[in-house]
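1. Could you look at this predicted model? Sequence included:
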Amino acid sequence: MSVRPWIVDDGLWALIEPLLPPWPQKAPGPKPVDDRLCLQGILYVLYNDVSWQLLPLELGFGSGQTCWRRLGRWHEAGVFEKLHRLLLAELHAADALDWTRACADASHIRVKKRGEATGPSPVDRGKSGSKHHLICDGKGTPFKVITTAANVNDVTQTLALVDGIPPVAGKLGRPRRRPDALLGDKGYDSNPNRRELCRRRMLPVISRKGAPNIKDLGKLRYVVEQTFSLLHHFKRLAVRWERRLDLHDAFVSLACSLICWRRLKKARS
């Protein structure tokens, strides 16, 4: 990883720039800060978890307020979701996705300010918290992340995660969006969900409560824990500061895109 990972290289910028919404030609006020610099300011906050007010002006990224507004504007335009889908398509074209199985899991995070999708955490003495629900491919590439309150049960998000996998193009034929199987621990034990997964032509490989774990399931599911480690390496996601769920989700989507970008560069090397 670069010593300054918030610097946007030319390859990534070539993918992002066409997705950004244009500025009105006759917009009032001074000329806006360059989009690439603003993105680097956003990434600086994502990596280092500094408050927007403390974003160093000497780095040339513009003020924290400017970067914060740009983050919201781009999320509203769907920039980060489009980027994530584009990178998944590039990985699919490079045969770098494992569609034989998907893995689902959840991880609690602390929150500093109450807001949407926060609630008493069962793992932190009832303090306010959130939870990331993640589904990834068999190699740990993130497909979808859903943020909920910390007291939301994993099983309730099973179908939302599966249905949230975007259609992934990159090869001839229809885009793909269904892995062959879904692997889950006992937190996903639900017969109605098993039936729904089968109806979606996915094999449910989920341990049952009160029964021994499925043999070798843990060895196959370890990738989702690695993906959580990568996701929460972005310090802004390990602890949630945003009251607004949309801005937190913007950071999550951007982080998923960066993980995909690293994997794409490795697949091409």
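-> That came through fine.
2. Restricting to C-alpha, output the top helix by length along the chain in CSV.
-> If you go by DSSP state H, the chain has its longest helix at helix 245-268. The C-alpha coordinates for helix 245-268 follow below in CSV (Å, rounded to 0.1, in the frame of the first residue of the first chain):
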residue,chain,number,x,y,z
LEU,A,245,-26.7,7.2,7.2
ASP,A,246,-26.4,8.2,3.6
LEU,A,247,-22.9,9.7,4.2
HIS,A,248,-21.8,6.7,6.2
ASP,A,249,-23.0,4.5,3.3
ALA,A,250,-21.1,6.7,0.9
PHE,A,251,-17.9,5.9,2.8
VAL,A,252,-18.8,2.2,2.8
SER,A,253,-19.4,2.1,-0.9
LEU,A,254,-16.2,4.0,-1.6
ALA,A,255,-14.2,1.6,0.6
CYS,A,256,-15.7,-1.4,-1.2
SER,A,257,-14.6,0.2,-4.5
LEU,A,258,-11.1,0.7,-3.3
ILE,A,259,-10.8,-3.0,-2.2
CYS,A,260,-12.0,-4.0,-5.7
TRP,A,261,-9.6,-1.6,-7.3
ARG,A,262,-6.6,-3.2,-5.5
ARG,A,263,-7.8,-6.7,-6.5
LEU,A,264,-8.2,-5.6,-10.1
LYS,A,265,-4.6,-4.2,-10.2
LYS,A,266,-3.3,-7.4,-8.7
ALA,A,267,-5.3,-9.5,-11.3
ARG,A,268,-3.9,-7.5,-14.1
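3. counting contacts, what elements does that helix pack onto?
-> helix 35-48, helix 64-76, helix 79-93, strand 142-149, helix 217-231, helix 235-238 (3 or more C-beta pairs under 8 Å, 6 or more residues apart in numbering; DSSP states H and E). Yep, even glycine has a C-beta here, placed from its N, CA and C like the rest.
4. Run a quick neighbour tally on L217.
-> 16 (other C-beta atoms under 10 Å).
5. Now do it, the pLDDT please.
-> In this prediction, L217 carries a pLDDT score of 81.
6. hang on, isn't it packed against L183?
-> Yes - here L217 lies in contact with L183, judged by C-beta atoms under 8 Å, at a distance of 6.3 Å.
7. so what sits against both of these two?
-> Counting by C-beta atoms under 8 Å, 6 or more residues apart in numbering, the shared contacts of L217 and L183 are V205.
8. continuing past the helix or strand hosting N193, what's the next helix or strand?
-> Using DSSP states H and E, N193 sits in helix 191-199. Helices and strands here follow DSSP H and E; after helix 191-199, the next one along the chain is strand 203-206.
9. what comes up buried for that following strand?
-> 204-206 (16 or more other C-beta atoms under 10 Å).
10. related to what we said a few turns ago, where among the helices and strands packed on helix 245-268 is the average confidence lowest?
-> helix 217-231 has the lowest average pLDDT among these, namely a mean of 90.
11. Residues in contact with that helix: which ones?
-> For helix 217-231, with C-beta under 8 Å, 6+ apart as the criterion, the contacting residues are 101, 103-105, 107, 132, 134, 136, 138-142, 145, 183-185, 205, 207, 237, 252, 255-256, 259.
12. distance between it and the chain's centre?
-> Centroid separation for helix 217-231 versus its chain: 14 Å, with C-alpha atoms, centre = their mean, to the nearest Å.
13. ok so, going back, mean confidence score for the longest helix of the chain?
-> 96.
14. Mind listing what's buried along that helix?
-> Buried residues in helix 245-268, counted by 16+ other C-beta under 10 Å: 245, 247-261, 263-264.
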